[in-house]
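> show me the folded form of this:
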Amino acid sequence: MCRRPAVVLTALAVTLSVGAALTGCSGTPAAKAGPLSAAPSVPTGGATAASRPKPSEPAAPTTPADTPEPSPAADGPLKGKTVVIDPGHNIHNQEHPAEIDRQVDVGNGHKECDTTGTSTNSGYAEATFSLDVAHRLRTILQGRGATVVLTHDGDRPYGPCVTERAEIGNKAHGDAAVSVHADGAAVGDRGFHVILPAAVHAGGVDNSAVVAPSKELGARIAGNFVRATGSAPSNYIGGGTGLDTRSDLGGLNLSTIPKVFIECGNMRDPQDAALLTDGSWREKAAQGIADGITDFLHG
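The predicted model follows:
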């Protein structure tokens, strides 16, 4: 996903009942990778690449932001809870550059409607990765009784825009939301990090009510992600905590429900890419995210 200068959360230590120790080195964020290739037949890793900011231009709207039909819930510990899963990017975004480069209001500024995301060096797209993990996560949460809403299911021509992704979660009155991504940093930059919302009071936006619960959600996901995957927190963002705070992401700024992003690894690093392209590891990633959400919703 597109990385901008961020306020790193260094004071918040992830201390969960699982006792996972979050360690790692703090580093300077690396530049994002270039545009991804078309969806390949063989997976190999993924992160998000920044689209160039373009002047505002009219474009045909995406599908209206009606809340998607939620998945049916089973009986289980999350019965009565609604979880929103936002698979990062869309594999078709690269076919609609004018539409996704259209500027949208995120409260404290303007951003692209969406971006293409990144890919591994062999072409496995972040959008493909994020949708795969989202499907696995949905299955786990449904099995625990949650009602699950996806912001998209790979069935749209592009997007949704970051504004609509937030709106879908808000309209669903979700109890928690997570946007699934993978990063596109330099070789040697490894590990995952969870992005938390900074407080934003601008342009009619005030997300103060969800900042604290979102941080708690992020801490729970980070601790459980370590336990489930064995992956270490990022060695280049977050000062070893696996947590980062940002105010430039519309999906967080505009959310009225607790929401975080997770960058599951660095698609441009060969070692991380080997994990991200492994189906059994992606299942562990989904398990860790699901366990973090479950811990959060159980208080």
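> does residue 265 count as helix, strand or coil?
For residue 265, the assignment made with DSSP: H, G, I helix; E, B strand; the rest coil gives strand.
> excluding its backbone neighbours, what's nearest it?
Nearest non-adjacent residue to residue 265, counting by Cβ to Cβ, 6 or more residues apart in numbering: residue 272, 3.9 Å away. From N, CA and C alone the C-beta is placed, and that goes for glycine too.
> what about that neighbour, how many residues nearby?
Neighbour count for residue 272, taken as other Cβ atoms under 10 Å: 27.
> repeat that for the one 3 residues further on.
As a burial measure, residue 275 scores 23 neighbours (other Cβ under 10 Å).
> all strands for the stretch 101-250 of the chain, in order.
103-105, 110-112, 147-150, 176-183, 193-197, 201-202, 205-206, 243-246 (DSSP state E, counting those that start in this stretch).
> next, the contact list for the residue nearest to residue 265, please.
The neighbourhood of residue 272, defined by Cβ atoms under 8 Å, 6 or more residues apart in numbering, consists of 45, 190-191, 265-266.
> could you list the low-pLDDT ranges of the stretch 1-150 of the chain?
Scanning the stretch 1-150 of the chain with the threshold set as pLDDT under 70 gives 1-73.
> just the helices in it please.
Per DSSP state H, counting those that start in this stretch, the stretch 1-150 of the chain carries helices over the ranges 97-101, 126-143.
> and residue 103, how many neighbours does it have?
15.
> wait, it touches residue 109, no?
No: the criterion here is Cβ atoms under 8 Å, and residue 103 misses it with residue 109 at 9.3 Å.
> skipping its backbone neighbours, what lies nearest residue 134 in space?
residue 87 (4.0 Å).
> my guess is that neighbour meets residue 150, correct?
Yes: the criterion here is Cβ under 8 Å, and residue 87 meets it with residue 150 at 6.7 Å.
> overlap of the contact sets of these two?
Any residue near both residue 87 and residue 150 by Cβ under 8 Å, 6+ apart counts here, and that gives residue 134.
> the two: which is more packed in?
Ranked by neighbour count (other Cβ under 10 Å), residue 87 and residue 150 place residue 87 first, with 27 against 22.
> how much space separates the more buried one from residue 245?
Using Cβ to Cβ, to the nearest Å, we find residue 87 at a distance of 23 Å from residue 245.
> ok, residue 269 next?
In terms of Cβ to Cβ, residue 269 sits 23 Å off from residue 245.
> neighbour count winner among these two?
Set residue 269 next to residue 245 and count neighbours by other Cβ under 10 Å: residue 269 wins out with 25 against 22.
> tell me the contacts of the more buried one?
For residue 269, the contact set (Cβ under 8 Å, 6+ apart) comprises 185-190.
> give the ChimeraX command for selecting the buried subset of those.
Filtering the contacts of residue 269 down to the buried ones (16 or more other Cβ atoms under 10 Å) takes a single ChimeraX command:
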select :185,186,189,190
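> from the contacts of residue 269, pick the one nearest residue 220.
Nearest to residue 220 among these: residue 190, at 22.3 Å, using Cβ to Cβ.
> how close does that closest one sit to residue 183?
Residue 190 sits 10 Å away from residue 183, going by Cβ to Cβ.
> now residue 235, what are its backbone angles?
When read as degrees, to the nearest 10, the backbone of residue 235 gives phi -100, psi 10.
> okay but it is in contact with residue 189, surely?
Yes: when contacts are counted by Cβ under 8 Å, residue 235 is listed as touching residue 189 (6.6 Å).
> the helix or strand hosting residue 284 packs against which elements?
Element membership for residue 284 (DSSP states H and E) is helix 279-298. Here helix 279-298 touches helix 126-143, strand 176-183, helix 208-229, going by 3 or more Cβ pairs under 8 Å, 6 or more residues apart in numbering; DSSP states H and E.
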